[in-house]
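> Just a sequence and a predicted model for now, questions to come.
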Amino acid sequence: MQNKDKLRLTSSEIGTLWGEYVNGTMTDVVNRYMVTIIEDELIKNIFEDAIRTFDKQKKQMVAFFEGEGFPVPIGFTDSDLHKGTKRLFTDIFCLNYLHIMTLHGLLGHTTSLAVSVREDLRHFYDSCDNDAKRMYHQTIELLLEKGNFQRDPLFYPTINPEYISSNDFTDGIFGKGRRLAATEIISISLNLKKSIMAKTLSIAFSQVAQEKEVRKFLEDSEKTADQQIKLFAKIMQSDNLPVPRSWETEVTTSSDSPFSDRLLLYHIGFLFQAAQNYHGAGLASAMRTDLVAAFESIILKNLMVTKKWFDLMVENKWLEQPPLAPNRKEIAKEI
């Protein structure tokens, strides 16, 4: 039996570390910009905690890579942060941003833990998960305190539990249709909030992007996110349910970019790629035909967006390559 303390990290374990490092450094650069513009001391304190937390995690990830002989990813660095730039976001948007990105982190840490075998790596992701949960509680509590946390729609209880009694339960287009189920609103509401975040960041980033092609992609991604928001909003409003408010007014008129174009583009691509997980979960839980059609159309549209994103990132040599499986054919040729 192999000594568990001497287990080499598997491809999946290296892959999750690589993704956590690159995405973590991206968010850290944004957080370090936001902490310089935030005026509210309570919000600033949470951001300072987030920056300290990632600094600790980053050092641990570097140790894992170096211990296995893998190069440490480039990720995002000070070169992607333009210091001394004007305010692009309001304080309350910064807090909402940290909350949404913490949700992404929670999902990422859980996925990473699920494919980890080596004990030290499992403990690392346990600690990352605990850090993210602490941040999740802090952001929600402060958003509630400031009256800016948007809760999901409220339902009223029925007298008794019931079974589905008609095939019309799946019909959202033809026939009688039905009202949305609580299990369906989970994904609709979450996807709405994330699309609102993607739209707002696309608007802000398109204002400050330097390269014409990058700006065009960001403008297109804003339109795509807006279409998705309208689609979900229409479904909610048809049942007289409230829709989360938009955050466009939380973006200033500054055209002074705090970030490199590489970070701007990567960030929006990350949001569209991460959204596919949530859209897929929504599709799996949908029991109404119109919801199934909505999620399928959004998933296909996002695939088109991410293809354009990939091509633009590669064209500019901005997309870092993850570790690859060994090319056995090339190795054989060298003999």
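Yep, that arrived. Residues are numbered from 1 along each chain as shown.
> drop to CA atoms for contacts and neighbour counts, all remaining ones
Noted.
> Name the residues of the helix or strand hosting residue 235 that are buried.
Secondary structure assigned from DSSP states H and E places residue 235 in helix 212-237. Using 16 or more other C-alpha atoms under 10 Å as the test for burial, helix 212-237 gives 214-215, 217-222, 224-226, 228-229, 231-233, 235-236.
> Could you do stretch 74-87 as well?
Those would be 75, 76, 80, 81, 85, 87, for stretch 74-87 by 16+ other C-alpha under 10 Å.
> same thing with stretch 13-23?
Quick answer for stretch 13-23 (16+ other C-alpha under 10 Å): 13, 14, 15, 16, 17, 18, 19, 20, 21, 22, 23.
> Could you give the average pLDDT over it?
Averaging pLDDT along stretch 13-23 gives 96.
> burial count for the closest residue in space to residue 99 that isn't next to it in sequence?
Closest residue to residue 99 apart from its sequence neighbours, by C-alpha to C-alpha, 6 or more residues apart in numbering: residue 139 at 5.6 Å. Neighbours of residue 139 under the rule other C-alpha atoms under 10 Å: 23.
> still on that earlier bit, just name whatever secondary elements the helix holding residue 235 is in contact with.
helix 182-208, helix 261-285, helix 289-315 (3 or more C-alpha pairs under 8 Å, 6 or more residues apart in numbering; DSSP states H and E).
> these two touch, right, residue 33 and residue 91?
No - applying C-alpha atoms under 8 Å as the test, residue 33 and residue 91 come out as separate, 11.9 Å apart.
> re earlier: now the helix holding residue 235, how far from the centre of its chain.
Put simply, helix 212-237 sits 16 Å off its chain's centre (C-alpha atoms, centre = their mean, to the nearest Å).
> Just want the angle from it to helix 182-208.
150 degrees (axes from the mean of the first three to the mean of the last three C-alpha atoms, to 10 degrees).
> what's the angle from helix 212-237 to helix 289-315?
Using the same axes, to 10 degrees: helix 212-237 against helix 289-315 is 170 degrees.
> Neighbours of residue 28, how many?
When neighbours are counted by other C-alpha under 10 Å, residue 28 registers 21.
> Now do it, the pLDDT please.
pLDDT at residue 28 comes out at 98.
> The one helix or strand it maps to: what's the following helix or strand?
Using DSSP H and E, residue 28 sits in helix 11-37. The first helix or strand that comes after helix 11-37 along the chain, using DSSP H and E, is helix 41-68.
> Can you mark which positions in that next one are buried?
43-44, 46-47, 50-51, 53-54, 57-58, 61-62, 64-65.
> Residue 241: which of the residues you listed is nearest?
residue 43 (30.3 Å; C-alpha to C-alpha).
> give the contact list for the closest residue to that closest one other than its chain neighbours.
Spatial nearest neighbour of residue 43, excluding adjacent residues (C-alpha to C-alpha, 6+ apart): residue 95 at 6.5 Å. Neighbouring residues of residue 95 by C-alpha atoms under 8 Å, 6 or more residues apart in numbering: 43, 139, 143.
> Is it possible to get JSON lines of the residues you listed that adds distance to residue 210?
Formatted as JSON lines, these follow (distance: C-alpha to C-alpha, whole Å):
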{"residue": "43", "distance to residue 210": "30"}
{"residue": "139", "distance to residue 210": "32"}
{"residue": "143", "distance to residue 210": "33"}
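> Got the domain ranges for this structure?
Domain segmentation of the chain under automatic domain parsing yields 9-145, 177-315.
> Figure out the length between the terminal residues of stretch 36-45.
12 Å (C-alpha to C-alpha, to the nearest Å).
> got the contact list for stretch 72-80?
Contacts of stretch 72-80 (C-alpha under 8 Å, 6+ apart): 18, 21-23, 25-26, 29, 62, 65-66, 259-260, 262-263, 320.
> C-alpha coordinates for that stretch, CSV please?
C-alpha atoms of stretch 72-80 as CSV (Å, rounded to 0.1, in the frame of the first residue of the first chain):
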residue,chain,number,x,y,z
VAL,A,72,3.6,28.2,-10.6
PRO,A,73,0.9,29.7,-13.0
ILE,A,74,1.3,33.3,-14.1
GLY,A,75,-2.2,34.2,-13.2
PHE,A,76,-2.8,37.9,-12.6
THR,A,77,-0.3,40.2,-10.9
ASP,A,78,0.4,43.9,-10.1
SER,A,79,1.0,44.4,-13.8
ASP,A,80,-2.7,44.0,-14.4
